[in-house]
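A.B. asks: Starting from these lines, generate the structure:
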Amino acid sequence: MASITSTGIGSGLDVQGIVEKLVAAEGSPVTARLDRQEAKAQAGLSAMGTFKSALAEFQSSLKSLREAQNFQTMAAGSDNEEVLTVTASDKAQPGEYEIEVNQLAEAQRLTSVLFDSDQDPISGGTIQIQFGRYNEDTNKFTPNADKIPQTIKITEDRSSLRDIQRSINEAEVGIRASIIKDDIGYRLVLSSSVTGEKNSLRITVEDNDAENSDLAGLSLISFNPEADDGDGRNMVEMQAAIDAEIEIDGLTIHNASNTITESLDGLTLKLNDTGDADVNVYINKTEVVDRIKYFVEQYNKFVGLVESLTAYDPETRQAGPLNGDSTVRGVSNQLRRIIGTPFSGINKEFVTLASIGLRTEFDGTISLNETKLTNSLEEDLQEVVNLFSNSGSVSDSRLRFIEAGDRTAMGSYDVNITQKPTKGGYAGLATNSFPLDINVGNDEFTLKVDGVETNTIKLTNKSYATGRELANEMQSKINADGKLRTNDSRVRVTYFDNRLIIVSERFGGGSRVELVSADFDSSRELGLAAGPGQPGKDVQGTFGRFRALGVGNVLTGQQDVDGLKIEVSGGIEGPRGKVTYSHGVAAQLDDLIKQVLATQGTIQPRVEGFNNRIDDISDQRERLSRKLAKSEERYLKQFTELDALIGKMNSTGTFLSNQLGSLPGASSSGKKR
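C.D. replies: Numbers count the residues shown, from 1 in each chain. Next up is the predicted model:
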């Protein structure tokens, strides 16, 4: 039968209390040490999170300064926005312009004859829509080589005025169709979606009734400006296509659109009405200064936070949670070194941030002299951009900086072009004199452009008054070829020195034009004889003493300038000025912070280290708990045995006392008789 025991009963000792105190005495020092270690690790983990967040917040101030195109430093204003509004890009130059808008660009608008119904069928066939320039003096329509003729099919069962309207709009060929009903009947109105003289309309039809220009059937929709009224010119012009006309400082400029982008470098003029307006273009210094001020504020805020996290107070002997942390110290030192990066190999005047008014103080913060910064922006904007951004520039206007690579070394490099890029082309033989008739004997040919063979090219059969008119027709039909469009290939056709010349729009060794085949009479009358043309050449050159690889008209640096790319659009062979690439302070800081904050960056191992330390302390607590449980068990056993022993001794003592008391001569009074 199991016995019931209770410690302390036999001896009167508080065995449980004694054991608890012994266990506490054994565990308290270790527990206190682990508590201190865990508190320190938790504080370090929290502080590292704060440091990480501060880095990310500082990084946000670098976005608007990292890339050169984000320096929207130019602004422009119009003193009469009812006449025109203006916007500026970073390519604009400061200045003032007097502008007079004499005429706004208009889109052509045509209206049909009157129809009794918009639902009755008219006739099936096809409608071809072509854009171009009509010269009323010569009565000649010259196709717009940049716009491909479009054909719309009209079926007999869907040939009502309403069906024709829907078919034109669904085809999305650059004109809008609408129907207007008045008290008499219905009219079809066609409006070009683009303005300008070069976007006049020529609408020809192939009517199912075989009469393509009369006043019956689908022919009623035709509008050939070269034809007579009622004989192919069957719609009425309500508004002619005209160009905008403006005067800039007395110089007259015509433009197909009311948005003018090419007349003033970096400026976009949007014409709203006729009249006068003065345009002022200036550096938007306030915007740039504000962005740099924000950068300085965020950097100083970061420096202050790091100071508090790593500080040590000798009076209180209290240290910040990251005092002596090598990661924080290393990152902070790297940031300071970048802030002080010299740009003497790139800039002539402003070679450090201090030279434009950003001075590093003894406590590590940056002080900003706004006046000095503003003056620097006015003096040389590009050098300020170089100090902050990923930026590139060229000194030759026929060159264009494209990009640089991760391994491109900052610097300014002499550009030397040893082979300028060329386009492949085909030059025909001498043509017959103009006017020249194109007919079934000379209207078809096949080309191979940039290695892609076209479908059969068919020219419009008609009499061409000039070589330019024929060249425009050829260019339009060639560029409309589906195979070339799939390959993104185009050509430019010109008439020069009594010859038709076809040139690929691409540069380089892959650029070529070959005449594969042509009609029998084409060689004699058009000078188009089957044969290869002249292939293009890739650009070749160097950046300083470094090699460069040319593909087409793009030159890419090798070795120390690996990834540096420029585009060569023309000019001579030989020295072509300089290309300058800068990896500015904001770009360098952003790159560093990205590396630091990355999964494999320097902060993550420290975070993992703190977490591992906390986990290790938790493991130590578990081991201590198990150890103290065993100690408690051992103490209980020992004191239980002691309790039992004392109990036995007490029982023996009681027994002996009783026995001794019963011996002869023992007396409770202790007196003799």
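
A.B. asks: Could I get the pLDDT score of Ser64?
C.D. replies: At Ser64, the model reports a pLDDT of 88.

A.B. asks: neighbours of it, just the number please.
C.D. replies: Burial measure for Ser64: 20 neighbouring residues, criterion other CB atoms under 10 Å. Just so you know, the C-beta spots here come from the backbone N, C-alpha and C atoms, and that holds for glycine as well.

A.B. asks: Please report phi then psi for Ile260.
C.D. replies: phi -110, psi 120 (degrees, to the nearest 10).

A.B. asks: isn't it right next to Glu245, touching?
C.D. replies: No: using CB atoms under 8 Å, Ile260 is not in contact with Glu245; the gap is 10.8 Å.

A.B. asks: Show me which of the two is the more surrounded one.
C.D. replies: Taking other CB under 10 Å, Ile260 and Glu245 do not tie; Ile260 has more neighbours (24 against 17).

A.B. asks: Excluding chain neighbours, give the residue nearest to that one in space.
C.D. replies: Once flanking residues are discounted, Ile260 sits nearest to Leu269: 4.3 Å by CB to CB, 6 or more residues apart in numbering.

A.B. asks: Can you tell me the element that neighbour falls in?
C.D. replies: strand 267-271 (DSSP states H and E).

A.B. asks: cool, and Lys483?
C.D. replies: Using DSSP H and E, Lys483 falls in helix 482-486.

A.B. asks: In contact with the residue nearest to Ile260, which residues are there?
C.D. replies: With contact set as CB atoms under 8 Å, 6 or more residues apart in numbering, Leu269 has these partners: 84-86, 99, 246, 259-261, 263, 279.

A.B. asks: Point out where the chain drops to low pLDDT.
C.D. replies: Scanning the chain for pLDDT under 70 picks out 1-12, 72, 666-673.

A.B. asks: pull the longest helix from it.
C.D. replies: helix 603-661 (DSSP state H).

A.B. asks: Mind giving me the packing neighbours of that one?
C.D. replies: Packing partners of helix 603-661 (3 or more CB pairs under 8 Å, 6 or more residues apart in numbering; DSSP states H and E): helix 15-60, helix 326-339.

A.B. asks: chain center to that helix, what's the gap?
C.D. replies: 69 Å (CA atoms, centre = their mean, to the nearest Å).

A.B. asks: what's the angle from it to helix 15-60?
C.D. replies: Between helix 603-661 and helix 15-60, the angle comes out at 170 degrees (axes from the mean of the first three to the mean of the last three CA atoms, to 10 degrees).

A.B. asks: and Gly571, which of the three is it?
C.D. replies: coil (DSSP: H, G, I helix; E, B strand; the rest coil).

A.B. asks: Quick one: neighbours of it, just the number.
C.D. replies: 14.

A.B. asks: which residues touch it?
C.D. replies: By CB under 8 Å, 6+ apart, Gly571 lies in contact with 396, 398-399, 417, 420.

A.B. asks: Show me which of the residues you listed is closest to Arg606.
C.D. replies: Leu399 (46.9 Å; CB to CB).

A.B. asks: Please report the distance of that closest one from Pro575.
C.D. replies: Leu399 is 12 Å from Pro575, where distance means CB to CB, to the nearest Å.

A.B. asks: How about Glu136?
C.D. replies: 51 Å.

A.B. asks: Which one of those two is surrounded by more residues?
C.D. replies: More crowded of Glu136 and Pro575, by other CB under 10 Å: Pro575, with 12 against 8.

A.B. asks: could you pull out the helices for the stretch 101-250 of the chain?
C.D. replies: 161-171 (DSSP state H, counting those that start in this stretch).

A.B. asks: Next up, the contacts around Gly217.
C.D. replies: Gly217 makes contact with 122-123, 125, 207-209, 211 under the criterion CB under 8 Å, 6+ apart.

A.B. asks: Reformat these as a markdown table; add neighbour count and distance to Gly533.
C.D. replies: Formatted as a markdown table, the contacts of Gly217 follow (neighbours: other CB atoms under 10 Å; distance: CB to CB, whole Å):
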| residue | neighbour count | distance to Gly533 |
| --- | --- | --- |
| Ile122 | 22 | 47 |
| Ser123 | 19 | 45 |
| Gly125 | 22 | 39 |
| Asp207 | 23 | 40 |
| Asn208 | 16 | 42 |
| Asp209 | 13 | 44 |
| Glu211 | 14 | 43 |
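
A.B. asks: Tell me which residues touch Leu65, please.
C.D. replies: Leu65 touches 71, 291-292, 295, 388-389, 584, 586, counting by CB under 8 Å, 6+ apart.

A.B. asks: In terms of secondary structure, what does whichever strand or helix holds Tyr294 contact?
C.D. replies: For Tyr294, the host element (DSSP H and E) is helix 285-310. Contacts defined by 3+ CB pairs under 8 Å, 6+ apart place helix 285-310 against helix 15-60, helix 63-66, helix 326-339, strand 366-368, helix 370-379.

A.B. asks: tilt between it and helix 15-60?
C.D. replies: With the same axes, to 10 degrees defining the directions, helix 285-310 sits at 160 degrees from helix 15-60.

A.B. asks: Next, the buried residues of helix 285-310.
C.D. replies: By neighbour count on 16 or more other CB atoms under 10 Å, the buried set for helix 285-310 is 285, 288-289, 291-292, 295-296, 298-300, 302-303, 305-306, 309-310.

A.B. asks: Would you work out how far apart the start and end of stretch 176-196 are?
C.D. replies: Using CA to CA, to the nearest Å, the span of stretch 176-196 from its first residue to its last is 16 Å.

A.B. asks: what comes up buried for stretch 68-88?
C.D. replies: Residues of stretch 68-88 classed as buried: 68, 70-71, 73-76, 78, 80, 83-88 (neighbour count, 16+ other CB under 10 Å).

A.B. asks: which parts of stretch 193-210 are buried?
C.D. replies: Buried, per 16+ other CB under 10 Å, within stretch 193-210: 194-208.

A.B. asks: ugh, typo on my part, it should be stretch 328-348
C.D. replies: 328, 331-332, 334-335, 338-339, 341, 343, 346-347.

A.B. asks: Nearest to Asp590 among these?
C.D. replies: Scanning the buried residues of stretch 328-348 for proximity to Asp590, where the rule is CB to CB, the winner is Ile338, at 10.0 Å.

A.B. asks: and the closest one, what does it touch?
C.D. replies: So Ile338 contacts 585, 588-589, 592 (CB under 8 Å, 6+ apart).
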